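Asks: Give the three-dimensional model of this entry:
(one chain, ligands or ions: 1)
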Amino acid sequence: MTEATSLATPTRPPHTIRMHVRDNVAIVANDGGLPPGTVLPNGLVLLDKVPQGHKVALVDLPADGPVLRYGIPIGYALKDIPAGSWVHERLLQMPDARGLTDLPMATVKAEAQPPLEGYAFEGYRNADGSVGTRNILAITQTVQCVAGVTDFAVQRIKAELLPRFPNVDDVVALEHSYGCGVAIDAPGAEIPIRTLRNISLNPNFGGEVMVVSLGCEKLQPERLMPPGTIPLIDERAPAPPLDLVCLQDDAHVGFMSMVDSILRQATPHLERLNARRRVTVPASELVVGVQCGGSDAFSGVTANPAVGYCTDLLVRAGASVMFSETTEVRDGIDQLTSRASTPEVAEAMIREMAWYDAYLQRGKVDRSANTTPGNKKGGLSNIVEKAMGSIVKSGSVAITGVLSPGEKIKQKGLTYAATPASDFICGTLQLAAGMNLHVFTTGRGTPYGLAQVPVIKVATRSDLARRWHDLMDVNAGTIADGDATIEDVGWELFKLMLEVASGRKKTWAEHWKLHNALVLFNPAPVT
Ligand code: CA
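Replies: Numbering: from 1, shown residues only. Next up, the predicted model:
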């Protein structure tokens, strides 16, 4: 789909990229942009300075006429725009959002792609059949009140206990701001509760659940983890009671007795985790969550198409892939419903989008609240343009599953996991869905990372990859430079995933221990 043109002059030849044959704009690929008077390879002369990643009019665009990128109107010209002009967001009227009625339902039968066999990684097999890519003790908290005590205990576990358990990668407190001061029976409160429950059961935690509770909070431990929630190693044995440290317990006298309780109760979990060994499992055991953050106009040209190619590879290998970020795919709803494997899957997608439309309306905003100043500086005029570049992360395979926020993934193949686009909330919800590997593309640059799963970061531009050489794991900017194809970078990412999943390679975020907070999506009121 990419049509790249370049001129072979020795110093930085002008280079523009057009995504679709119908497009009447292209983006400037050169670092630093191009000055007025630049002659493009097709003979067009730039009338304005056009910054890198920004659009240039390839033909005269009449007032009210469509500005086409990715083959669709990303806006309508507010006045006549001569060929060679810089086409920025102030010259565009954004199209209305596509309605949620009369959509094409499961009309596109995705081209059958041959299965991809013979790819494997070394992972930790869990009792419930899932596979971990890391071996981590997670300590669940019912409420924010206990965060300081738990963190104190975690520091001691790391210093005093972990050296005895070399096969355990880390100890992580699942800190969050929920649990009390919230309308816990309000519609929507189930979302943060099930998110926290399902994160505790993420494959990277080996089924070892321990909970620290305060005692008086609204989110009581039994409500967070009802009996039967935790998969049993031996299904014939009776379910053990929830392993709980309650700080308000009468038995606790003084702060250190609370800390000692956490250390004492953590020990058997660490012993069991330490006894586990990686085994060879097929690539189909990967559960990959993809998202983007700090996007620019290159996101949809380099990194996201490469991730999309990799999504197809993963699905061909039998793995699970989730794409999310409702406000960033909303404008492509017709593409998504047509790619659904069945009308039921398309209906489920429409249901999630309608819920989110209503959620935004309650706050008197619409999906246009998504684009950031950085997105616009990077060349993305509006959410329609951003969405077209975001959707390509989902590749070309059929969409076979849909999840509501905080639900656990149920199947292999490509799933639409409905989440906000907020990086931390999306990552938190994909963790709850059960991802064991995270892929994150960025153009403006973000040092995003999670403590619970490895995060592979993909840069959209070589300039970013060069400056952030010890933060970015993959440089998809080589696609815009003409040094690699989308397929090349897609395969590079796929192979890197198997290395990272096996623990043979650490991502930069793991190396530096860059950990963003868990942020629970709570659409319900607080009190
Ligand atoms: Ca995001």
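Asks: mind checking the end-to-end distance for stretch 56-76?
Replies: This stretch, stretch 56-76, spans 15 Å end to end (CA to CA, to the nearest Å).
Asks: oh, and call the first residue 56 from now on, that's how I've got it
Replies: Sure, I'll start counting at 56 from here, so that last one is stretch 111-131.
Asks: Figure out how far it is from the centre of its chain.
Replies: Between the centre of stretch 111-131 and the centre of its chain there are 30 Å (CA atoms, centre = their mean, to the nearest Å).
Asks: Pull out the buried positions in it.
Replies: By neighbour count with 16 or more other CB atoms under 10 Å, stretch 111-131 contains the buried residues 111-113, 116, 121-125, 127-131. C-betas here are computed from N, CA, C, even on glycine.
Asks: could you give the mean pLDDT of that stretch?
Replies: For stretch 111-131, mean pLDDT rounds to 95.
Asks: can you dump the C-alpha coordinates of stretch 309-324 into PDB?
Replies: The C-alpha coordinates for stretch 309-324 follow below in PDB (Å, rounded to 0.1, in the frame of the first residue of the first chain):
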ATOM      1  CA  GLY A 309       3.000  -2.600  65.300                       C
ATOM      2  CA  PHE A 310       4.000  -1.900  61.700                       C
ATOM      3  CA  MET A 311       6.700  -4.600  61.500                       C
ATOM      4  CA  SER A 312       4.200  -7.300  62.400                       C
ATOM      5  CA  MET A 313       2.300  -6.400  59.200                       C
ATOM      6  CA  VAL A 314       5.500  -6.400  57.100                       C
ATOM      7  CA  ASP A 315       6.500  -9.700  58.700                       C
ATOM      8  CA  SER A 316       3.200 -11.300  57.800                       C
ATOM      9  CA  ILE A 317       3.500 -10.300  54.200                       C
ATOM     10  CA  LEU A 318       7.100 -11.700  54.100                       C
ATOM     11  CA  ARG A 319       6.000 -15.000  55.800                       C
ATOM     12  CA  GLN A 320       3.000 -15.500  53.600                       C
ATOM     13  CA  ALA A 321       5.000 -14.600  50.400                       C
ATOM     14  CA  THR A 322       7.600 -17.400  51.100                       C
ATOM     15  CA  PRO A 323       5.600 -20.500  50.000                       C
ATOM     16  CA  HIS A 324       4.600 -18.700  46.800                       C
END
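Asks: pLDDT averaged over that stretch - what is it?
Replies: What stretch 309-324 shows for mean pLDDT is 98.
Asks: From the structure, what's the count of residues near the nearest residue to residue 333 once chain neighbours are set aside?
Replies: Closest residue to residue 333 apart from its sequence neighbours, by CB to CB, 6 or more residues apart in numbering: residue 177 at 3.9 Å. By other CB atoms under 10 Å, the residues close to residue 177 number 17.
Asks: Kindly confirm my reading that residue 177 is in a helix.
Replies: No - counting by DSSP: H, G, I helix; E, B strand; the rest coil, residue 177 is not found in a helix; it is strand.
Asks: Surely it is in contact with residue 557?
Replies: Yes - counting by CB atoms under 8 Å, residue 177 touches residue 557, with 4.1 Å between them.
Asks: pretty sure residue 126 contacts residue 74?
Replies: Yes - using CB under 8 Å, residue 126 is in contact with residue 74, at 7.4 Å.
Asks: picking that back up, so what pairs up with the residue nearest to residue 333 in the strands?
Replies: residue 335 (DSSP bridges).
Asks: Tell me who's in contact with it.
Replies: Neighbouring residues of residue 177 by CB atoms under 8 Å, 6 or more residues apart in numbering: 333-336, 556-559.
Asks: ok, and which of the residues you listed reach the ion?
Replies: Applying CB under 5 Å from the ion, the subset of these adjacent to the ion is empty.
Asks: domains of the chain?
Replies: Following automatic domain parsing, one finds the domains of the chain at 56-148, 191-330, 336-567.
Asks: which stretch among the ones you listed comes nearest residue 581?
Replies: Residue 581 sits nearest to domain 191-330 of all the domains of the chain, at 5.1 Å, using CB to CB.
Asks: Ends of the closest one, what's the gap?
Replies: One end of domain 191-330 sits 12 Å from the other (CA to CA).
Asks: same question, stretch 128-145
Replies: Stretch 128-145: ends 16 Å apart by CA to CA.
Asks: List of residues touching that stretch?
Replies: With contacts defined as CB under 8 Å, 6+ apart, stretch 128-145 is touched by 80, 99-106, 109-123, 146-150, 431, 436-437, 439-440, 443.
Asks: Equivalent analysis for stretch 562-576, please.
Replies: Against stretch 562-576 from outside (CB under 8 Å, 6+ apart): 229-233, 246-247, 250-251, 254, 460-461, 474-475, 477-480, 482-484, 486, 502-506, 509-512, 525-528, 555.
Asks: let's see 6 Å
Replies: Stretch 562-576 has contacts (CB atoms under 6 Å, 6 or more residues apart in numbering) with 231, 233, 246-247, 250, 460, 479-480, 483, 502-504, 506, 509-511, 525-526, 528, 555.
Asks: Could you list which of these belong to strands?
Replies: The members of those that map onto strands under DSSP state E are 510-511.
Asks: near the ion, from the contacts of stretch 562-576?
Replies: For the ion, no contacts are drawn from the contacts of stretch 562-576 by CB under 5 Å from the ion.
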